[in-house]
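Asks: Predicted model and sequence follow; I will ask about them next.
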Amino acid sequence: MEGRLLLSTIPPVNQRHPYLRPLGVPAVRPNTPVLPFGATKVASFIDPTVGIVNGRHVIVGNKTFIAPYARLNATSGFIKIGTGSNILDGATLTSNPTRAKNPTTSILIGNLVSVGFGATVLGPTQIGSLGAQAKPTGIGANALIDSATIEPGAIVGTLARVGPGVTVPSGMYVLPGSNVTTNAEASDPALGKVVPVTATEFTDLTKNLANNTALAAGYAALYQGDTSTGTSNVFSPVRKGVNNGNLSAVEGASNEPGSANGPSFEPASPVGPTFLAPLGQQQPGLIADFRARVTGQVVFHQQAAIVAHRLGIGNSIRADQGQPFIFGSTFTSGDYVVINSPLGSNVASTNSGLTIYDGVQAGDRSVILGGPGAKVSIGGNVIIGAGAVLDRTTVGAGSTIGARAYVANSTIPDNTAIPAGAIIINNKLVGSIQW
């Protein structure tokens, strides 16, 4: 047939395919940072620092939060993210990592899915589900999902890896640092890499999803809720809360939304970072072109220009859940460092703030997390290795945390050296990163 393709050989379009149904909105202007454009009650929020490649192939549902410095790469293939989900700070989704021609590789993130701080997802991958089958599903900080399926209701722990072709069943929790390479390892607790999800883990994940849905609404309101920018002429005046967008309100060092804009765990009025003034007092520092994304009550005991000089690229320091965060005068960080206090609040009695003393150095892609009751502090001259995760852990002065170590719910004495890849939970060494 002279090399031509007969119409009869073209497969019919499946209108019920998950990449077509339910419908979503492509992450291209004007649907960023608020998606869809002009939404209020169902708005998703994509932080202005998020890197999106081929946004017409990145489809996002409602009430979803895509956090600072996440990267969504759909150079080929598709990425679809459902409703009520979150892609947290520094996470990377790549639909076609091998750059295969005419790929079928895509990433489907269902409803009620949390992809954690610094996590990596490589296509073809499905995490959770859309529609009635959706259940809270979670991926931990700095974890790797490599061409796998994570069923609704499963959780992958911090710094764990799930390899190609593996399916993690609903209700299973992949232990931190595990390298799961077979379906047997993903489903049989006797093999030592998974256990059933506990009620506490499920509750924390559910709260994580609810908090980030509230943050999506809050940041959307910050961006388009400022009446001083003028009412948007695209919509009828009867649509309230949609004004011309103000990017400076959601860029650089900025206010958190405040409970008046949705997040009930925040102060009534928006709070932003402060920096040291030349005369020694703290002063507000709302700096739209600041080197890092800094939100909420973050107190730097140093001038803004000096702080910026000591931070790597792509740092996200968000005190928009637990707060305050208090920094000494000489904090230094590598690239894509995340500091956060998920599940916390501004209520002082929750002790969900975080204190980092002078001389602390945080390596590339390290993650420092507070949380309710943790009252985290990182002592002076502590060195945190690249890719390490500290979760609700206090570290004594002069200590060293090795690269890709995971330390959770622990207190580390002064001058302690934690080996690279060590896993310490509740003050006990329980294993090491397996990959």
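Replies: Right, received. Where do you want to start? Please read all numbers here as calculations on a predicted model, not as lab measurements.
Asks: Number of residues surrounding the residue lying closest to Val25 once chain neighbours are set aside?
Replies: With sequence-adjacent residues excluded and distances taken as CB to CB, 6 or more residues apart in numbering, Val25 is closest to Pro36, at 4.4 Å. Just so you know, the C-beta spots here come from the backbone N, C-alpha and C atoms, and that holds for glycine as well. If you count neighbours by other CB atoms under 10 Å, Pro36 ends up with 15.
Asks: ditto for Pro284
Replies: Neighbour tally, Pro284, other CB under 10 Å: 13.
Asks: Mind listing the residues bridging to it?
Replies: Thr274 (DSSP bridges).
Asks: OK, contacts around it?
Replies: The neighbours of Pro284, taking CB atoms under 8 Å, 6 or more residues apart in numbering as the test, are Gly272, Pro273, Thr274.
Asks: can we see that at 10 Å?
Replies: Ala253, Asn255, Val271, Gly272, Pro273, Thr274, Phe275, Ala277 (CB atoms under 10 Å, 6 or more residues apart in numbering).
Asks: same check, this time on Thr167
Replies: For Thr167, the contact set (CB under 10 Å, 6+ apart) comprises Gln126, Ala148, Thr149, Ile150, Glu151, Ala154, Val180, Asn183, Ala186, Ser187.
Asks: Scan those residues and report the most crowded one.
Replies: Ile150 (30 neighbours).
Asks: wait, doesn't that one sit right on Ile139?
Replies: Yes: in this structure, Ile150 is within contact of Ile139 by CB atoms under 10 Å, at 7.1 Å.
Asks: Dihedrals phi and psi, Gly131?
Replies: phi 70, psi -150 (degrees, to the nearest 10).
Asks: just Ile339 next, same as before
Replies: Torsion angles, degrees, to the nearest 10, at Ile339: phi -130, psi 120.
Asks: how much space between it and Val367?
Replies: 8 Å (CB to CB, to the nearest Å).
Asks: again with Ser85
Replies: In terms of CB to CB, Ser85 sits 20 Å off from Val367.
Asks: Can you name the next helix or strand after the longest helix along the chain?
Replies: Longest helix in the chain by number of residues (criterion: DSSP state H): helix 199-224. Going down the chain from helix 199-224, the next helix or strand is strand 253-254, by DSSP states H and E.
Asks: just to revisit the earlier point, overlap in contacts of Ile339 and Val367?
Replies: Common neighbours of Ile339 and Val367, using CB under 10 Å, 6+ apart, are Asp89, Phe117, Ser316, Leu390.
Asks: And for the first one, nearest residue in space, chain neighbours not counted?
Replies: In other words, Asp89. Ser316 (4.0 Å).
Asks: Just give the number of residues close to that neighbour.
Replies: 25.
Asks: swap in Thr158?
Replies: By other CB under 10 Å, neighbour count at Thr158 equals 26.
Asks: quick one: pLDDT of Leu369?
Replies: Predicted confidence (pLDDT) for Leu369: 98.
Asks: From Ile66, how far off is the residue nearest the centre of the chain?
Replies: Nearest residue to the geometric centre of the chain (CA atoms, centre = their mean): Leu88, 1.1 Å. Plainly put, Leu88 is 9 Å away from Ile66 if you go by CB to CB.
Asks: and for these two, which residues touch both?
Replies: Val115, Asn212.
Asks: Helices of the chain, residue ranges please.
Replies: With DSSP H, the ranges of helices along the chain come out as 183-187, 199-224, 304-310.
Asks: Quick one: closest of the ones you listed to Ser44.
Replies: Checking the helices of the chain against Ser44 by CB to CB gives helix 199-224 as the closest, at 5.6 Å.
Asks: For the closest one, what is the distance to the chain centroid?
Replies: Relative to the chain's own centre, helix 199-224 is displaced by 11 Å; criterion: CA atoms, centre = their mean, to the nearest Å.
Asks: out of everything not next to it in sequence, what's closest to Val347?
Replies: Val347 sits nearest to Phe265 (CB to CB, 6+ apart), 7.9 Å away.
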